[in-house]
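# pasting the structure only:
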């Protein structure tokens, strides 16, 4: 009986994280919707691009940035190169006659250090943060600026689109970002979004202060600091950033491991900087950001509880699903076995057809949660540092080309 209760508690946790929270959030958002206003002014903007050894993509990123639909006399393009030892700095300097600036110091100290160093050269009222390996739609600046008409808005995040044609890994990643986009839209309707994207994010310059260099997830840390001060974070889905998926599942696993390690670090920061005056935001952060890394442990707990219910079935005449009495104990175990079997099988089949792509979804989910465990291990052992490793990605193409992005 106890095993049955424990099993359903773990299943309930998983359901709440993936489905329950979005459902509750959507219902609340329909009750309370923030009025959005558009910015009519034309503020000076700084596009701050962080880069580490990005010689293969930095020229394309700069070319893309120079084509943005915004008054060029009101736009500063500044590249913050963190200890790059390839041709990144040399390539950026080739664009200095077009107004592109560079902040560079040879010692490699991490992304947060590169941002801190570049802040002294920022001229814009609004800073738009971006990475070197993503491209912007032409209207990104205007879309990111619009919500700043509300003085309560301190930070605005755009959307991520994964290009089609990157195989089943790209399709799964694209589906994930659609799911995330829905949640962030509902959070914004409720008043404040708790998730931001560092590669397409705008912040009021007057609110930014240098952050600790040890921070791994710089974007979430900045958002947390501003939310704690009483400002809102807003999601602007029209501000599209286009990106290619990692070159391999292994590269994507490493990337996710780093993100989750940073998530655990953020939990520690959050404990010391809880915005006590904003209980709804606290609920959102815990549900959206901090419970996600706990999913693999709930999955393991549910499996163990199910196995216990099979080995030591309850001696009762009750035909109860809640207690996992026979045959429900076996049924749940078989269903779990099928799920994990598909996760293994989905990694070794042809993904060119619809069946293969559907079978890869359990694989994607399981691998993502294994990465969450790996992220916790890296955080606890101190193996994850602010120095990011550049993930190998497929060649990016400009949004104006014939390549079709998986729009959110």
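Yep, it's here. What you see is a predicted model; the values in this text were computed from it and never measured. Numbers count the residues shown, from 1 in each chain.
# can you list the domains in this structure?
According to automatic domain parsing, the chain comprises the domains 34-245, 293-381.
# ok, the nearest residue to residue 189 once chain neighbours are set aside - contacts?
In this structure, residue 189 finds its nearest non-sequential neighbour in residue 29, 3.9 Å apart by CB to CB, 6 or more residues apart in numbering. The C-beta positions use only the backbone N, C-alpha and C, and glycine is treated the same way. Residues in contact with residue 29, defined by CB atoms under 8 Å, 6 or more residues apart in numbering, are 186-187, 189-190.
# now residue 307
With the criterion set at CB under 8 Å, 6+ apart, residue 307 makes contact with residue 333.
# if I look at it, how far off is residue 74?
Between residue 307 and residue 74 the distance, using CB to CB, to the nearest Å, works out to 63 Å.
# ditto for residue 174
Distance from residue 174 to residue 74, by CB to CB: 33 Å.
# which one of the two is surrounded by more residues?
Set side by side, residue 174 and residue 74 show more neighbours around residue 174, with 21 against 14, by other CB atoms under 10 Å.
# list the buried residues for stretch 243-261?
Buried residues in stretch 243-261, defined by neighbour count with 16 or more other CB atoms under 10 Å: 243-246, 249, 251-261.
# in what element of secondary structure is the residue nearest to residue 189 found?
helix 21-31 (DSSP states H and E).
# I'd like the next helix or strand past that helix.
Next element after helix 21-31 (DSSP H and E): strand 45-51.
# so what touches that following strand?
Residues from elsewhere that reach strand 45-51 (CB under 8 Å, 6+ apart): 58, 61-62, 65, 68, 70, 74-82, 84, 88, 111, 114-115, 118, 122-132, 141, 145, 205.
# partners of that strand in the sheet?
Sheet pairing of strand 45-51 (DSSP bridges) gives strand 75-82 (parallel), strand 126-131 (parallel).
# checking the closest residue to residue 292 other than its chain neighbours next. Helix, strand or coil?
Nearest residue to residue 292, sequence neighbours excluded (CB to CB, 6+ apart): residue 17, at 6.2 Å. Secondary structure, DSSP: H, G, I helix; E, B strand; the rest coil: residue 17 is helix.
# for residue 17, list the residues it contacts.
Counted by CB under 8 Å, 6+ apart, residue 17 has contacts 287, 291-292, 294-295, 298.
# could the residues you listed go into JSON lines alongside distance to residue 41?
Shown next, in JSON lines, are those (distance: CB to CB, whole Å):
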{"residue": "287", "distance to residue 41": "35"}
{"residue": "291", "distance to residue 41": "39"}
{"residue": "292", "distance to residue 41": "37"}
{"residue": "294", "distance to residue 41": "43"}
{"residue": "295", "distance to residue 41": "43"}
{"residue": "298", "distance to residue 41": "48"}
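# and the furthest pair within the residues you listed?
287 and 298 (13.8 Å; CB to CB).
# below-threshold pLDDT in the stretch 1-150 of the chain: ranges please.
Residues of the stretch 1-150 of the chain meeting the criterion pLDDT under 70: 1, 33-40.
# residue 320 touches residue 309, doesn't it?
No. Using CB atoms under 8 Å, residue 320 is not in contact with residue 309, being 11.0 Å away.
# between the two, which one's more packed in?
A side-by-side neighbour count of residue 320 and residue 309, using other CB under 10 Å, places residue 309 first with 25 against 14.
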